[in-house]
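Visitor: Sequence first, predicted model second:
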Amino acid sequence: MTNPMRTKTSTKLEAEGQGSRLDSPKVCPDPARIRILEELADKVLWLACWMIHHANHIRPNRDGVKVGGHQASSASLVTLMTALYLDVVRPQDRIAVKPHASPVYHAIQYLLGKQTRAKLERFRAFGGAQSYPSRTKDTDDVDFSTGSVGLGVAITLMSAIVQEFVQLKRLLPRDQPPGRLIALVGDAELDEGNVFEALFEGWKHDVRNVWWVIDYNRQSLDSVVTDRLFDRIDSVFKTMGWRVVVLKYGKKLQEVFKGHGGTDLQEWLDTCPNSLYSALVYKGGPGWREHLQRDTKRYPGIHHVLKEFDDTRLHRLMMNLAGHDMTALLDAFHGIQDDQPTCFIAYTIKGHGLPFAGHKDNHAGLMTLEQMETFKRTMGIAEGEEWNKFTGLNVPAGEIERLLAAVPFVQQESRTFEASVVAIPPVPVPTGGEPMSTQQGFGRILNDLAAANCELADRIVTTSPDVTVSTNLGGWVNRRGVFHRNKLADVFKDERALSPQRWAMSPSGQHLELGIAEHNLFLMLGALGLAAPLFGVRLFPIGTVYDPFICRGLDALNYACYQDSRFILVATPSGITLAPEGGAHQSINTPLIGMAQDGLAYFEPAYVDELAVIMEWAFHHLQAPPPQGGSVYLRLSTRPLRQPGRELTDSLREGIITGAYWRVRPTSRTGLAIVYCGAIAEEAQKAHAMLLDDIPGTGLLAITSPDRLHADWLHHKRRGSVNSHVERLLAPLSPDAMLVTILDGHPATLSWLGSAARRRVQPLGVERFGQSGDTLDLYRAYEIDAEAVLDAVAMASVEEANAVANPN
Ligand SMILES: Cc1ncc(C[n+]2csc(CCOP(=O)(O)OP(=O)(O)O)c2C)c(N)n1
Ligand SMILES: [Mg+2]
């Protein structure tokens, strides 16, 4: 199938079959400039290695734990990153750096005056430059955090779609031209499935302005990667409509290939297995000579090459891969002028320029003290001048300073935006059509917002992995439309085949429809939620997903939060309440994820008025600066409940947001409270009514956010205060009172309340995989119905009697 949206311009490069070998540069960089850039690449290599060495061997180690760092992975990307940052990228470009090249990133920012020596000296130490680039912890202008391999790659693609989204809606600040979204990719990152899921999504959305630069060193952590992988990479990318530029041989090798015996040498190199090439890189000149000599029967031309090069020069020649050749790289990068997504496969050597270059075990290898001394000498660094930006370079400092000051990337004072705050109107409680589930309520709230004429509604962008309609986003989408950079007709509507769902796509649409891959949902939410700092545009991203499938994209969710991206995750339906769907669709552990996930406030309302209050608060929370602000997770349900129909007083609103309020206040000295969270409200209420006769004054506590309630409790505890919201709420209970907690999720979500209240607790919840049934059957089988509450109360009495009988 061909992409109907794509107007693919076939370039000469692509016509060359196996990607392009950029022999004929479109731009010929000035040789003097190239020489300075090469010197600077050496300086970057030195600083990156020294930073790691300093952290491991010079800075005192207080606890005996290995510090680490990746000198070989860094060396692999030095030339590529120097070329990009010091010559190619512009302030509007946004870059995700391969995690293990963090030292290279920090070294370059140091040269550009955006990183301090103090931070480099504290690389991998508290408050210092981070082990892997971090948006939130580093201070040197990191665009995307990286660390979990594959995610940094994919988010650049999602971010390119977001850029297109805001650009087509003319939301970009006037003086902000669109940039390129660039990922510097370790070749083993391509083993991560999420990269290919993202590629598919990119094809569907006709993504533009993405560059993925693959550091093709043919090594991962443990070993050397499969031979001729680049063939596969090449064809996958081309199938997805990308231009592929293969950067294999450097200029020196290309020259030799053209000379006497050159064709034979090229053939030898082209067919050389990755492992052998790596091993020979490690062995050096004599190793190359011995092997090449052995093969001269088959490749007689190699004789001529061997005659012309002594061992040292032969070694250098054989390592002249394009990924370490400044001229070849600049030719390639500057040669791309259009917005077609482009994958550069840059051949490199892991550990290039270091004593363990090419060795398969070099991933976490560190230079020894002796090796560092030799390296230092060859780099021309005098004792005590290790952090100096100019020593050891064969170019006058003035020239270097001039070049650095004119680097395009730093020609804008700040690359980070502060998007203005959008006013949040009251979010009305949807009415009518009772009983109503929280999922229906969510759909109605969004539907009403879609009809509203306000900035908030215009800045909401929804997204869903193929569950738009089944999570009640249909009404919103009908009013606000599906986004695509090209206008695409709704065929069913045009053919008058009746459907309640309109599906026309256009640049004005506000819903991003994704394929089923949940990883893409979280990567997209992550990218949308960074639109404020990256593009200067405040968006309110809302993503919907079935609650159990949060686990499917969990690392990407964690990744989005790690970067302080701001979004609302609506996960519905949830729990065994989704009874007929069975165990594969019923979530158990997600409340604990919601509580433990940093940067994500988890709510589980039972009623629609609570949901309206929470959503209004969430729109503020998304805009609040760190550390107050963050993202929001709403765990919703399809279970219809009769609504309480009450006035939302200020104190009720506050209780809902802080996480709990009394549905029925306990009378003083009460010995029992039933504490519930979410769709199980009716069972709790029923049990409460049944218990009132036996235990008058029993309280009924509604928990709307176990997460916020817990956080508030810890916050007070750390300050020696007993004035947390939950402690204040539970204070009226008698000292020997009992709490029965109940939710459709893991019981540990609420069992901590016993400690907070300093009272006994009987925690009810779901611990085992679910199965098909109706809620009556399942609530009974999993012991979260009214009867289970009564049993828990009875059991507590037995427990108490036993305790009295056996005090020890
Ligand atoms: C999701 C994830 N799994 C495992 C790791 C551990 N790990 C770090 S680097 C690496 C191999 C990386 O190889 P490559 O991407 O080729 O980078 P290179 O070091 O060769 O430059 C692995 C497995 C990780 N960081 N993230
Ligand atoms: Mg690699």
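Guide: Thanks, I have it. Numbers count the residues shown, from 1 in each chain. Ligands and ions are numbered 1, 2, ... in the order given.

Visitor: Next up, phi/psi of the residue in the stretch 51-200 of the chain that ligand 1 sits nearest to, please.
Guide: Closest residue of the stretch 51-200 of the chain to ligand 1, CB to the nearest ligand atom: Gly186 (2.0 Å). Just so you know, the C-beta spots here come from the backbone N, C-alpha and C atoms, and that holds for glycine as well. Note on Gly186: backbone dihedrals following degrees, to the nearest 10 are phi -70, psi 140.

Visitor: do the same with Val246
Guide: According to degrees, to the nearest 10, Val246 has phi -90, psi 120.

Visitor: What distance do you get for the spatially most central residue of the chain to Ala596?
Guide: Nearest residue to the geometric centre of the chain (CA atoms, centre = their mean): Tyr559, 3.4 Å. For Tyr559, the distance to Ala596 equals 15 Å [CB to CB, to the nearest Å].

Visitor: Ok, Ile161 next?
Guide: On the measure of CB to CB, Ile161 and Ala596 end up 30 Å apart.

Visitor: Next: Ala660.
Guide: Distance from Ala660 to Ala596, by CB to CB: 19 Å.

Visitor: Give me the more crowded residue out of those two.
Guide: Taking other CB atoms under 10 Å, Ala660 and Ala596 do not tie; Ala660 has more neighbours (22 against 13).

Visitor: circling back to that earlier point, next up, phi/psi of the nearest residue in space to the residue of the stretch 51-200 of the chain closest to ligand 1 that is not next to it in sequence, please.
Guide: In space, and not counting its chain neighbours, Gly186 is closest to Lys98: 4.6 Å by CB to CB, 6 or more residues apart in numbering. Note on Lys98: its backbone torsions stand at phi -40, psi 130 [degrees, to the nearest 10].

Visitor: What of the one 3 residues further on?
Guide: Taking degrees, to the nearest 10, you get phi -100, psi 20 for the backbone angles of Ala101.

Visitor: Which residues are in contact with the closest residue in space to it that isn't next to it in sequence?
Guide: Spatial nearest neighbour of Ala101, chain neighbours left out: Leu77 (4.4 Å); criterion: CB to CB, 6+ apart. Contacts of Leu77 were listed using CB atoms under 8 Å, 6 or more residues apart in numbering, and they are 98, 101, 104, 184, 215, 348.

Visitor: The fourth one belongs to a strand?
Guide: To tie it back to what came earlier, the one meant is Leu184. Yes - counting by DSSP: H, G, I helix; E, B strand; the rest coil, Leu184 falls inside a strand.

Visitor: That one against Tyr216, yeah?
Guide: No - using CB atoms under 8 Å, Leu184 is not in contact with Tyr216; the gap is 11.8 Å.

Visitor: To what extent is the nearest residue to the residue nearest to the centre of the chain once chain neighbours are set aside buried, counted in neighbours?
Guide: Distances taken as CB to CB, 6+ apart place Leu151 nearest to Tyr559, at 4.7 Å, with adjacent residues excluded. Leu151: 29 surrounding residues under other CB under 10 Å.

Visitor: Surely Leu151 touches Leu523?
Guide: Yes - applying CB under 8 Å as the test, Leu151 and Leu523 come out as touching, 7.0 Å apart.

Visitor: got any residues that touch both of these two?
Guide: 194, 556, 559.

Visitor: Residue of the stretch 501-650 of the chain closest to ligand 2, please.
Guide: Asp555 (20.1 Å; CB to the ion).

Visitor: which regions of this protein lie under the pLDDT threshold?
Guide: Residues of the chain that meet the criterion pLDDT under 70 lie in 1-29, 808.

Visitor: Spell out which parts of it neighbour ligand 2.
Guide: 186-188, 217, 219 (CB under 5 Å from the ion).

Visitor: Show me which of the residues you listed is closest to Val395.
Guide: Val395 lies nearest to Asn217 out of the residues of the chain next to ligand 2, by CB to CB, at 27.8 Å.

Visitor: Number of residues surrounding Pro500?
Guide: Neighbours of Pro500 using other CB under 10 Å come to 8.

Visitor: I meant Gly64, not that one.
Guide: Counted with other CB under 10 Å, residues neighbouring Gly64 total 5.

Visitor: which SS state does it fall under?
Guide: coil.

Visitor: what's the answer for Pro300, then?
Guide: coil.

Visitor: re the thing from before, where's whichever strand or helix holds the residue nearest to Ala101 relative to the chain centroid, distance-wise?
Guide: Secondary structure from DSSP states H and E places Leu77 in helix 71-83. How far helix 71-83 lies from its chain's middle: 23 Å, per CA atoms, centre = their mean, to the nearest Å.

Visitor: Next: stretch 782-789.
Guide: On the basis of CA atoms, centre = their mean, stretch 782-789 sits 39 Å off its chain's mean C-alpha point.

Visitor: Which residue ranges of the stretch 551-700 of the chain form strands?
Guide: Taking DSSP state E, counting those that start in this stretch, the strands of the stretch 551-700 of the chain run over residues 568-571, 600-603, 631-635, 660-664, 672-677, 699-703.

Visitor: closest to Ala748 out of these?
Guide: Closest to Ala748 of the strands of the stretch 551-700 of the chain, according to CB to CB: strand 672-677, at 12.3 Å.

Visitor: Next SSE downstream of the helix holding Leu77?
Guide: Following helix 71-83 in sequence, per DSSP H and E, is strand 94-96.

Visitor: So which elements touch that next one?
Guide: Other helices and strands packing on strand 94-96, by 3 or more CB pairs under 8 Å, 6 or more residues apart in numbering; DSSP states H and E, are helix 151-168, strand 181-186.

Visitor: Whether that strand contacts ligand 1 - can you check?
Guide: No - if you take CB under 6 Å from any ligand atom as the test, strand 94-96 misses ligand 1, and the best it gets is 12.7 Å.

Visitor: Likewise for stretch 205-220?
Guide: Yes - shown here: stretch 205-220 in contact with ligand 1 (CB under 6 Å from any ligand atom) through 215, 217, 219-220.

Visitor: List buried residues within these.
Guide: Buried by 16 or more other CB atoms under 10 Å: 215, 217, 219-220, out of the residues of stretch 205-220 next to ligand 1.

Visitor: okay, these in JSON lines with secondary structure next?
Guide: What follows is these, written out as JSON lines (three-state DSSP):
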{"residue": "Asp215", "secondary structure": "strand"}
{"residue": "Asn217", "secondary structure": "coil"}
{"residue": "Gln219", "secondary structure": "strand"}
{"residue": "Ser220", "secondary structure": "coil"}
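
Visitor: how far out from the middle of the chain is the longest helix along the chain?
Guide: Across the chain, the longest stretch assigned as helix under DSSP state H is helix 31-53. Distance of helix 31-53 from the chain centroid (CA atoms, centre = their mean) equals 30 Å.

Visitor: Let's see the helix or strand hosting Gln371 as CSV, backbone CA atoms only.
Guide: Using DSSP H and E, Gln371 maps to helix 369-378. Extracted in CSV, the C-alpha atoms of helix 369-378 (Å, rounded to 0.1, in the frame of the first residue of the first chain):
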residue,chain,number,x,y,z
LEU,A,369,45.9,5.2,34.8
GLU,A,370,48.8,4.4,32.5
GLN,A,371,46.6,4.4,29.4
MET,A,372,45.3,7.8,30.5
GLU,A,373,48.8,9.2,30.9
THR,A,374,49.7,8.1,27.4
PHE,A,375,46.4,9.5,26.0
LYS,A,376,47.1,12.8,27.8
ARG,A,377,50.5,13.0,26.3
THR,A,378,49.3,12.4,22.8
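
Visitor: Run the chain-centre distance for the helix or strand just after that helix.
Guide: The helix or strand immediately downstream of helix 369-378 is helix 397-405, counting by DSSP H and E. Relative to its parent chain, helix 397-405 has a centroid offset of 36 Å by CA atoms, centre = their mean.

Visitor: Now do the buried residues in helix 397-405.
Guide: Judged by neighbour count (16+ other CB under 10 Å), helix 397-405 contains these buried residues: 400, 403-404.

Visitor: out of the residues you listed, who's nearest ligand 1?
Guide: The closest of the buried residues of helix 397-405 to ligand 1 turns out to be Leu404 (CB to the nearest ligand atom; 26.0 Å).
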